[in-house]
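Colleague: Dropping a prediction and its sequence here:
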Amino acid sequence: CSEYQKALNGEDLAAKFSIGEELYNNGKFGKANRLFAQIVPSYRGKPQAEKLMFLYANSFYNMKDYYTAGYQYDRFASSYPNSEKREEAEFLSAKSSYMLSPEYGKEQHPTKDAITKFQLFINSYPDSEYIEEANELVRELDGKLEKKAFDIAYQYYKTVEYTRDYNAAIKSFDNFIIEFPGSTLRETALFYRLDAAYKLAMNSVERKKQERLEKAKVYYHSFVNRYANSEHLDDTKDMLENIEEELKKYSTKS
Amino acid sequence: QETTFEKGKKYTLAEITVNGNTNFSEQTIITYSGLKKGSEIQIPGEEISNAIKKLWNSNLFNDIDIYLLKVEDNNAYLEIRLADLPELNEVKITGVKKGKRESIIKENKLTKGVKVTENLVTTTKNYLVNKYKKDGFYNAKVNINNVEVIDSLQKSRVNMVLAIDKGKKVKVQDIVFTGDSVLTEKKLRKAMKNTKKKSFFNLLKRSKYIKDDFKEDLTSVVDKYKENGYRDARIISDSLVNNKDNTVTLYVDLEEGEQYTFGDISFIGNTVYTDDQLGRILRIKKGETYNGVLLQERIADNTKPDANDLTNLYQNNGYLFSTINPVEVNAEGNVIDMEIRISEGKPTYFNSVTVRGNDVTNDKVIYRELRTRPGQLYSKANVVRTIRELSQLGFFDAEQISTDFKNPNPNEGTIDLQYGVVETGSSQIELQGGYGGGGFIGTLGLSFNNFSIKNILNKEAYKPVPRGDGQKLALRLQASRFYQTYSFSFTEPWLGGKKPVQFSTSISHSKQFLYNPRTGNADKDKRFNITGISVGLAKRLSVPDDYFTLSQAVSYQHYDLLNYNTGLFTFGNGYSNNLAYTIGLSRNNTYNDPVFPTGGSNFSITAKLSVPYSLFNNVDYSALAAERDEKVDVRDNPNNNDFVRNNAAARVSEIDQERFKWLEFYKIKFKADWYTRIVDKLVLRPSIEFGFLGAYNNDRGVIPFERFFLGGDGLGSYSLDGRESIALRGYENQSLQPIDENGNVTNDGGSIYNKYSLELRYPITLKPTAKIYVLGFLEGGISHNSFRDYSPFNIKRSAGLGLRLFMPAFGLLGIDFGHGFDTVPGQGNQVSGWQTHFIIGQQF
């Protein structure tokens, strides 16, 4: 019978704590966690609980149970507001949410959670040693949200032949451009928006054609003003020529 | 000592003491409070109030106070005074049956050990009183007493005594109206849906008095008057009189007012629709009896979300912010002129459309199904259609798909829409064993309906299988003593992601053995192996209309025979290849429920074609055919000696091997069914089917594969030799075989068949959890081996009854009892008679 088994089945709280800690230090987080779980209720309210709760939360984190870890870190931070480990707990809580963040194509609720938590952390501890990592992770999470919004808009663009709905692509790229002003995908978004608007205008019914041509022209200018050296520049020049050509019909008529 | 409470001074916390009737240790309480010895605190200040809050929140204490005992040299001495809340020890309930006690304890959470607060006592009491009143126990009384437990334990505990006196159920002796003259009391009482007079005959609706329901009924009475033109009708007073025999009499005093009629109805503010268009939906004419209820219904029927009313006319066409108000402009001479004032507002466009809750399914799979896209005009009908189509994907809980409209902006004319979905398990595992086909059959089936093939090598995606791309992957293994089949199939509904072009592929392998009559077991030396692969594309067309689907597939199968000489398989040790192209066109506009369509029709025509090898392979099939006929005669002539006959037989199989090395055939199938609602929910479903298997070169002949087997339940048979099981109830499975030129019954299926069927269906329930319907049918069909015998109306007839049950977890299950009126080929002059068919997962 190993020491661990004895502690696990025994009644001695102090022994459970010390053996649990030893296991924890040796990287046996699962075993440590089982011992800690047994004694957490009894230690509640006692002075040693602070250390225990932190190790307990850490053991979940190391077992990759990020959901519970995040909860335990939050609990720790609110139970021991004056603890010297509070900063680390808050950081790890945010990082737990980060770990839970799924691929960009799925529900991004944990991603948004993580960004909020990191933001709070960055505001509360501007001099923290974790600040660099926090900023790095926030950038990564933001990128995920951008990619998600971009891909949805891009799918509207891609399926336009089937849906005949250019407006869906234009509007969703519009929303993307407003929502993510600093995105690296901005140039592509502006280009696709122009392309969708251009195609809509060229294939338009006569009644709405002039208005749509004008709108495409506006999108052209907002693209070239910002990205004068874009690789899409030649394509857009062609578009503009065709737009101007079509627009001539209306100017001579009136 | 002096303390300056107002300013809030900073102190060092020197000591904290705890006082009061509590079982908790001092240390524990102090830790709970969050106060720390030696820390700096402000008095008065946040720390103290936080401490009190924390202690309250623990739900363990009562009477919590924190006192400042004294201050010395900026050192503060605090005292926490509190008392433990008593814990609940036992609950005694009197006045109700034993069985009910458990549920009362559960519903009110009166478990042992909960802290007994004032709040708990009051809510429990109110809960019970209301509960009994709702059931018609108008005089119910509940009394709660807490008795302190005194024993050796130091804890403060109480026993709760719940004394319930339900009293008797109060019935309504009579409902007496005064002031009524135009409508009979009987009519008025009928209008009261909840409160009924005591009556011996009223078995379905027991008489009871519930205050809220009664109030509701009074509104119905007034509505009844309003429907009849008495728009001023009102209840002046209502009263309740307790009778001696524990019943009550209800008195309703009302004023009818005068009857009104509709006068001129004019529309104001409409620019999108003309008065005429609006009038056609309103359908109320001048001179009709005034009916306020109807008027309201035609403007906005709140009971039906897709009603044909004015509000929906606007809402479905983008005018989300429209409001419609009927105003009475003149009521002279009891004729009411109405003005229907319409404020159309701006047409509303969707700004952002998002989906929440897709923890598994990828965005692209969902967004491509949306009928409401950013920049589109708002339409309620499109929202409803999107919800329906999302639930049809099968990835989400259909009951829980929600919509959430956000940021309505009447000035810009925009709105955001968020769909909420809840993922459901869309994978199925089928593991079953059973008897059938002469022995034990074991099946292992795995089907993943929301698979993600691109993550198949990504270890992290296995939770437990890669999911989320809306693809379908199925694996199936089935084995019995006589056969084994393995199959794998994969389907991607949007190949390339640009259009809904469905790509599907499948690989299968099967092995079957002949029956050994001596051992009664499978004869492993006589077997038939089939290996196949197919790839197909199906595309929804937009011309002539978008109900059409065009599908194409290429399939290849290799047949490998070993000592397998039965019927048409004269080349028992040979092989055969089947490379074919299938093209199909179908149109399905049945609606609404796929399990129980009530209208529309379903057509499909398919052609399966092989390459016409005989056109260019330079084999003289007519010579072979002539030689074969000759050899067959030799083989079948009993006067020849065995050596000659065996030689002839060997040559026949050689020739047949040459004929069927590469299968040359074409197969055409046509199927159509219509659904029509006759009366109420009774649906008539006529259908016809037809199939033909032919040869390009008649000398090469019709192949022994790909044939039609008529009769029975029509469930797919295990054999993969391209055969098709055609259902014909009232006859045994695959029993209706053609008769050859010598009048003998064959057992290899037919090359032509046709079938007619007439079915009447009536639904018992169409709830989403379980749909059940009954059916009656008349049908008939026949199969032949050549057009020479073909006579489309010389059919085998049957009639019968059946039941179908559809549950989402099991699919469709059913049973049919069919009576066959005609004889079965090869079974004498006995008519087929009654047959029972079990149906799994297939619709007739």
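Modeller: Happy to help now that I have it. Numbering: from 1, shown residues only, chains lettered A, B, ... in the order given.

Colleague: which one's the longest strand in chain B?
Modeller: Secondary structure assigned by DSSP state E gives strand B:521-540 as the longest strand of chain B.

Colleague: For it, name the packing helices and strands.
Modeller: strand B:501-516, strand B:548-562 (3 or more C-beta pairs under 8 Å, 6 or more residues apart in numbering or on different chains; DSSP states H and E). From N, CA and C alone the C-beta is placed, and that goes for glycine too.

Colleague: Could you give the average pLDDT over the helix or strand hosting A:A197?
Modeller: Assigned by DSSP states H and E, A:A197 belongs to helix A:186-202. What helix A:186-202 shows for mean pLDDT is 94.

Colleague: So which bits of that helix are buried?
Modeller: By neighbour count with 16 or more other C-beta atoms under 10 Å in any protein chain shown, helix A:186-202 contains the buried residues A:186, A:188-201.

Colleague: swap in stretch A:15-28?
Modeller: Applying 16+ other C-beta under 10 Å to stretch A:15-28 flags A:16-17, A:19-24, A:28 as buried.

Colleague: Does the helix holding A:A197 reach chain B?
Modeller: No. Applying C-beta under 8 Å from any C-beta of the partner chain, one finds helix A:186-202 separated from chain B by no less than 10.2 Å.

Colleague: any idea which helix or strand comes after that helix?
Modeller: Scanning onward from helix A:186-202 (DSSP H and E), the first element met is helix A:206-226.

Colleague: Which strands or helices does that following helix pack on?
Modeller: For helix A:206-226, the packing partners by 3+ C-beta pairs under 8 Å, 6+ apart are helix A:186-202, helix A:233-253.

Colleague: got the residue ranges for the helices in the stretch 51-200 of chain B?
Modeller: B:98-107, B:118-134, B:185-191 (DSSP state H, counting those that start in this stretch).

Colleague: my guess is A:S222 contacts A:L190, does it?
Modeller: Yes. A:S222 lies in contact with A:L190 (C-beta atoms under 8 Å); the separation is 6.6 Å.

Colleague: Which single helix of chain A contains the most residues?
Modeller: Ordering each helix of chain A by length in residues (DSSP state H) puts helix A:131-158 first.

Colleague: And the average pLDDT for that helix is what?
Modeller: pLDDT averaged over helix A:131-158 gives 95.

Colleague: Name the residues of that helix that are buried.
Modeller: A:134, A:137-138, A:141, A:144-158.

Colleague: who touches the helix holding A:A197?
Modeller: A:150, A:153-154, A:157, A:160, A:166-167, A:169-170, A:173-174, A:176-177, A:180, A:183, A:209, A:212-213, A:215-216, A:219-220, A:222-223, A:226-227, A:230, A:232, A:235-236, A:239, A:242-243, A:246 (C-beta atoms under 8 Å, 6 or more residues apart in numbering or on different chains).

Colleague: Quick one: buried ones out of those?
Modeller: By 16+ other C-beta under 10 Å, the contacts of helix A:186-202 give A:150, A:153-154, A:157, A:160, A:166-167, A:169-170, A:173-174, A:176-177, A:180, A:183, A:209, A:212-213, A:215-216, A:219-220, A:223, A:227, A:230, A:232, A:236, A:239, A:243, A:246 as buried.

Colleague: Rounded mean pLDDT for stretch B:539-548, please.
Modeller: 83.

Colleague: now the end-to-end length of it.
Modeller: 9 Å (C-alpha to C-alpha, to the nearest Å).

Colleague: Mind listing what's buried along that stretch?
Modeller: Neighbour-count burial for stretch B:539-548 [16+ other C-beta under 10 Å]: B:547-548.

Colleague: And stretch B:402-420, by the same measure?
Modeller: Across stretch B:402-420, burial judged by 16+ other C-beta under 10 Å covers B:413-417, B:419.

Colleague: ok, it near chain A or not?
Modeller: No. For stretch B:402-420, no contact with chain A is found by C-beta under 8 Å from any C-beta; the gap never falls below 9.6 Å.

Colleague: where does the stretch 1-150 of chain B have low pLDDT?
Modeller: By pLDDT under 70, the low-scoring segments of the stretch 1-150 of chain B are B:1-7.

Colleague: residue ranges of the strands in it, please?
Modeller: B:9-19, B:40-43, B:61-72, B:75-84, B:87-94, B:141-149 (DSSP state E, counting those that start in this stretch).

Colleague: touching chain A at all, stretch B:81-96?
Modeller: No. Using C-beta under 8 Å from any C-beta, stretch B:81-96 stays clear of chain A, coming no nearer than 14.4 Å.

Colleague: Surely A:F54 and A:R86 touch.
Modeller: No. With contacts counted by C-beta under 8 Å, A:F54 stays clear of A:R86, the gap being 9.5 Å.

Colleague: joint contacts of these two?
Modeller: A:F76.

Colleague: list the contacts for the nearest residue in space to B:G45 that is not next to it in sequence?
Modeller: Nearest residue to B:G45, sequence neighbours excluded (C-beta to C-beta, 6 or more residues apart in numbering or on different chains): B:G8, at 5.2 Å. By C-beta under 8 Å, 6+ apart, B:G8 lies in contact with B:42-45.

Colleague: Ok, B:F513 next?
Modeller: Counting by C-beta under 8 Å, 6+ apart, B:F513 has contacts B:481-483, B:522-524, B:526-528.

Colleague: Show me just the buried residues among the residues you listed.
Modeller: Members of the contacts of B:F513 classed as buried by 16+ other C-beta under 10 Å are B:482-483, B:522-523, B:526-528.

Colleague: which one of those sits closest to B:Y696?
Modeller: B:Y696 lies nearest to B:F528 out of the buried ones among the contacts of B:F513, by C-beta to C-beta, at 25.4 Å.

Colleague: sorry, back to before: redo the helices of the stretch 51-200 of chain B as TSV? Include mean neighbour count.
Modeller: Converted to TSV, the helices of the stretch 51-200 of chain B look like this (neighbours: other C-beta atoms under 10 Å in any protein chain shown):
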stretch	mean neighbour count
helix B:98-107	12
helix B:118-134	15
helix B:185-191	15
